[in-house]
Structure formats: structure tokens, C-alpha cells
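> would you be able to build a 3D model of this:
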Amino acid sequence: MKQHLVAFFFTFLTCSLFGQDLSIPLADTIKPHSVRKAVMLSAVLPGAGQIYNHRAMPKGQKKAFWKLPLIYGSLGVSTYFLIRNQNEQKKFRREYSNRQYLSYNDGDEFPGLEVYDDAGILTIYNQYLDWRDLSILAVAAFYVLQVADAGVEAHFVSFDISEDLSMTVQPTLMTGFTPGVGIRLNFR
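Residues are numbered from 1 along each chain as shown. As a prediction, this is how the structure comes out:
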């Protein structure tokens, strides 16, 4: 008698596990978010993919716009150093060429460089050349990083982070009146 009472008790507690919740919307009613469009927008115009993702996010989850100042700041600073290093290496290359192939007029074109000898000018030229190459890599890295960020963020636009996500563990009876543990996952 006691076993039947326990079996009835476990069956009564776990009967809700086999029901179907009809209040959950069907999967085809949710408008799909295009990852490809977010990546393409970000590739054409830096930050446009983040704006596209921001607009598609649910109301309480819109947090993608704060990346725009970081994107434009990093691309702007790295582009500034690229242009500056390019101009400096051109200046030192022209100074070295003037010293080698033209009559040197004691720094007429670039005042202040007369204190360096030819080896010093070549060393500084090579340093600015290396810095220019690193600046090119920095611009490319920041550009690719923001495109990748738009793609990754587009995957998480419909990611559910609501409070309705839960897991409950309940005692249950399996076939043949074998006691067990039932796990219930609630996603909505």
C-alpha cells in the first residue's frame, strides 16, 4: 500500500512534465536576423553592422551603439599614425636622396636635420618605415575586428536572456515503477 501511495505521489507531481505549453510562439513567427547583412554593412561602412544589430535587438537588450566611438576612435588613431609615419619616412628618404645625389645646401628643405649624418638619416628612415608598416597592420586589424564583431553580435540578437530561463529537478517514476530524477528545462 505504501508503494502505491509513493508511486501515485510521484506520478501526480511529474504529470506536468508531459504537457505542452501552447503560449510559446512558433519558431516561424520570429523574424530572422541576417548575419550576412550585418557583416556586409560593417564591411562597407565601419560600424553600420553594429547599428543594424542594435536596431534588431529586443527592447531591453539594445546595447550595441556604444561600440561606435571605439570603432571610429581606433580606426582614426591608427590611420593618423599611418599618415604621419608615411609622411615622415618620405621626408627622411627625400633628405637622404638630396644628400646623395644633389648638392647639399645645409638643410634648406628640412631644417633641423643637418645634425644627423647619412647613417643616422637611414636609421631614422628605416624606423619610420617599420612604424608605417605596423600602422597598416593596426588599421587592417581594427577593420577586421569590427567586421567580425558585427557578425558575432548578429548571432546573439535573438539570444534569450530573460528571467524565464530555469531548470528544475523533480523526483519521478520511470517505467516499471523505478524511482528516478526528472529534469525540466524552461526556455521561455
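
> tell me the contacts of the residue sitting nearest the centre point of the chain?
The centroid of the chain falls nearest to residue 149 when counting by Cα atoms, centre = their mean (2.3 Å). Applying Cβ atoms under 8 Å, 6 or more residues apart in numbering, we find residue 149 in contact with 42, 49, 50, 67. Placement of C-beta: from N, CA and C, glycine included.

> filter these down to just the ones in helices.
42, 49, 50, 67 (DSSP state H).

> point out where the protein drops to low pLDDT.
1-31, 60-62, 103-108, 160-165, 187-188 (pLDDT under 70).

> helix or strand right after the longest helix along it?
Longest helix in the chain, counting residues (DSSP H): helix 118-155. Using DSSP states H and E, the helix or strand that follows helix 118-155 towards the C-terminus is strand 166-174.

> and the closest residue to residue 100 other than its chain neighbours, what does it touch?
Using Cβ to Cβ, 6 or more residues apart in numbering and skipping residues adjacent in sequence, the residue nearest residue 100 is residue 118, 7.5 Å away. By Cβ under 8 Å, 6+ apart, the contact list for residue 118 reads 96, 99, 100.

> residue 69 too?
Per Cβ under 8 Å, 6+ apart, neighbours of residue 69: none.

> and it, which helix or strand is it part of?
helix 67-101.

> just the buried residues of that helix, please?
Of all the residues in helix 67-101, those buried under the rule 16 or more other Cβ atoms under 10 Å are 67-68, 71, 74-75, 78, 81-82, 85-86, 88-89, 91-92, 95-96, 98-99.

> thanks again, I'm all set now.
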